[in-house]
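Novice: Take a look and give me a structure for this.
(2 chains)
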Amino acid sequence: MIEVQQLTKRYFDREVVKSVSFFVPEGEVLGFLGPNGAGKTTTMRMICAYLPPTSGTVKVAGVDLAEDPLAVRERIGYLPENVALYPEMRVEEFLRFRAAIEGVSRKDVPERLSYVLERCMLTDVRRQLIGTLSKGYRQRVGLAAALIHKPPVLILDEPTVGLDPRQIVKIRELIVELGRDHTVILSTHILPEVEQVCQRVLIIDDGRIVADGTPDALRTGFSELSAVTVELEGADAAAEELFSRIAGVEKVESLGQGRWQLAVRDGKAVRREVFRLAVERNWVLTELSQSVPSLEDVFLRLTTREEATLEAEEVQHA
Amino acid sequence: MRKLWAIVKRELVAYFSSPLAYVVLTAFLFVNGFVFWLIVAYLNDPRTRAMAPLRLLFGGTMYFWLLLLFVVPVITMRLLAEERRTGTLELLLTAPVTEGQVVLGKFLAAWLFYLFLWLPTLAYVAILASYATIDPGPVAAGYLGIALLGLLFASVGVFTSSLARNQIVAAIFAFAALVVIFSVGLVENLVINPALKNALSYMNLWDHMDDFAKGLVDTRRLVYPVSVAGLFLFFAVKALEAVKGR
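Specialist: Below you'll find the predicted structure:
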């Protein structure tokens, strides 16, 4: 449905997006993950035909961006970050305006209007001025505007930023529902959101894709980040030394009171060895467990940069 | 076409839901009413030679130009600057509309609002008509001249609004640009070189209005404002393409 190839954006001598390629099949909900300033918004704006790419190609629903940017825009419903709306318009009036510029035919407008109002739970506020609505409602008006022309593709840039926890839950539920009949790209830096909503994750850092896969695959792909916790009774001082000699153990950390945490590469083999050692040494094994790395660990591992450069970039952005 | 009209309509709604429209309208009517009173009082003096009062009202006094030089930038300053400042431009330009449609839509809305400002001045025509016979030709031509002048002035305002993120900055730029455009033709009288004099007379907006107010509809006077408006709208489209996303 969305095909991005070697997409690059350069501002003067600074490359913000560096040869990004990915493919989103129809019906997928793709999470676009990355620290602030990684190039998420720029990439999305290029796909939406807002910013012209420096090089690379984008195809949305079979239409080439370079050939027909307006047709690409027609096929995409876009919710920008910090969705800005016209405060002096009423909700319904604004959605009618959006329907007209999105090219919804006149006779379809009433039906689409009542559909999006209901879908985004806006029916109660349809006559209200947008300027008087809370942030959560405005976000939903933005989403309704993105849906009004029945686009096959939805691109949502940080849809839950600045909402209270209850509104976040509601918006997430809505996105999951919308994922059933739309192809969705969703950018965020909230990790649990990705696990709840997305089937696949792209992690982007400093303008490059650094990981691509399902949340589960990403975690197992980074199994070197997993840890085995061991608790023993009657262990002697030699235990720590023995653990560190087991093949696949990278680091041993004593947690005190007969507990250790082992950073491991191959968790299963290590656990086997620990058990064997315990039997051999006549230790009583009271705990032997392995923790899977969270998506957060994966994310931090992939995107950790020097704090100083990050801060410098933030200053630049400001 | 429907998309263009949707943009025009939204912009007109925006005009009338902000206090600015009413402030501009009030100030405009106040000044025009005062000028009308001055003209009528002046012409009532038996020592002045007879003249068509509407010819004086339509560009015959400095008041007309002062008012337009101030009012048009105020009408146009918001158009694109505000969209950029608040970020609504992003939503607008990810809908299947071109930069050209956006610029043209906003320009037309500003121009229609400008024409709306002149609407109450029809009352002056009615008042004069009830006391004297009025030649409808020059009156119609005068309004045509005003409409054409509006095209030119509004296009400059739309262009400066595409450059600035701040409305006031956009208004000041527009005012400065309009002063230059207005004054350049007036230099005509100071120039001796005939070719240059000819070129400047082509750009002389004072004569432009005076011709129309006399009932003289000259093609050159039609072509100049329309082509300048086209040029500035083209600049505005290019500027919009360059500045979006920054």
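Novice: which residues are in contact with stretch B:236-246?
Specialist: Applying CB atoms under 8 Å, 6 or more residues apart in numbering or on different chains, the external contacts of stretch B:236-246 come out as A:45, A:50-51, B:80, B:84, B:89-90, B:93, B:99-100, B:102-103, B:107, B:155, B:158-159, B:161-163. The way it works is simple: take the backbone N, C-alpha and C, and place the C-beta from them, glycine included.
Novice: now stretch A:178-187
Specialist: A:1-2, A:24-34, A:40-41, A:44, A:47, A:77, A:81, A:147, A:151-159, A:175, A:193-194, A:197-198.
Novice: For chain B, which element, helix or strand, carries the lowest mean pLDDT?
Specialist: Lowest by mean pLDDT, DSSP states H and E among the helices and strands of chain B is helix B:53-57, with a mean of 79.
Novice: pLDDT wise, what is residue 95 at?
Specialist: Using chain A here. Looking at A:L95, its pLDDT is 95.
Novice: wrong one, chain B
Specialist: For B:A95, pLDDT reads 93.
Novice: quick one: contacts for it?
Specialist: Counting by CB under 8 Å, 6+ apart, B:A95 has contacts A:73, A:98, A:101-102.
Novice: Intersect the residues you listed with the contacts of chain B.
Specialist: A:73, A:98, A:101-102 (CB under 8 Å from any CB of the partner chain).
Novice: Tell me which two of these sit farthest apart.
Specialist: A:R73 and A:R98 (12.3 Å; CB to CB).
Novice: Could you name the helices and strands sitting against the least confident helix or strand of chain B?
Specialist: Counting contacts by 3 or more CB pairs under 8 Å, 6 or more residues apart in numbering or on different chains; DSSP states H and E, helix B:53-57 packs against helix B:19-44, helix B:122-131, helix B:136-163, helix B:205-214.
Novice: how far away is the residue nearest the centre of chain B from chain A?
Specialist: The centroid of chain B falls nearest to B:G150 when counting by CA atoms, centre = their mean (2.7 Å). Distance, B:G150 to chain A, using CB to the nearest CB, to the nearest Å: 24 Å.
Novice: Ok, B:T61 next?
Specialist: Distance, B:T61 to chain A, by CB to the nearest CB: 36 Å.
Novice: Kindly provide the distance from the residue lying closest to that residue once chain neighbours are set aside to chain A.
Specialist: Excluding its sequence neighbours, the residue lying closest to B:T61 (CB to CB, 6 or more residues apart in numbering or on different chains) is B:V35, at 6.4 Å. Separation of B:V35 from chain A (CB to the nearest CB): 32 Å.
Novice: Looks like B:V35 contacts B:G60 (just checking).
Specialist: No - applying CB atoms under 8 Å as the test, B:V35 and B:G60 come out as separate, 9.8 Å apart.
Novice: And the helices in chain A?
Specialist: All helices of chain A, identified by DSSP state H, fall at A:40-47, A:69-75, A:91-101, A:109-119, A:135-147, A:165-178, A:191-197, A:215-221, A:238-245, A:267-281, A:295-303, A:307-317.
Novice: low pLDDT regions in the chain?
Specialist: No chain specified, so I'll use chain A. Scanning chain A for pLDDT under 70 picks out A:221-225, A:304-318.
Novice: actually it's chain B I care about, not the one you picked
Specialist: Applying pLDDT under 70 to chain B flags residues B:245-246.
Novice: What residues does it have near chain A?
Specialist: Counting by CB under 8 Å from any CB, the residues of chain B lying close to chain A are B:2-3, B:5-7, B:9-10, B:13-14, B:17-18, B:86-88, B:90-98, B:244-245.
Novice: how about a cut-off of 6 Å?
Specialist: Contact residues, chain B versus chain A (CB under 6 Å from any CB of the partner chain): B:2-3, B:6, B:10, B:14, B:17, B:86-88, B:90, B:93-97, B:245.
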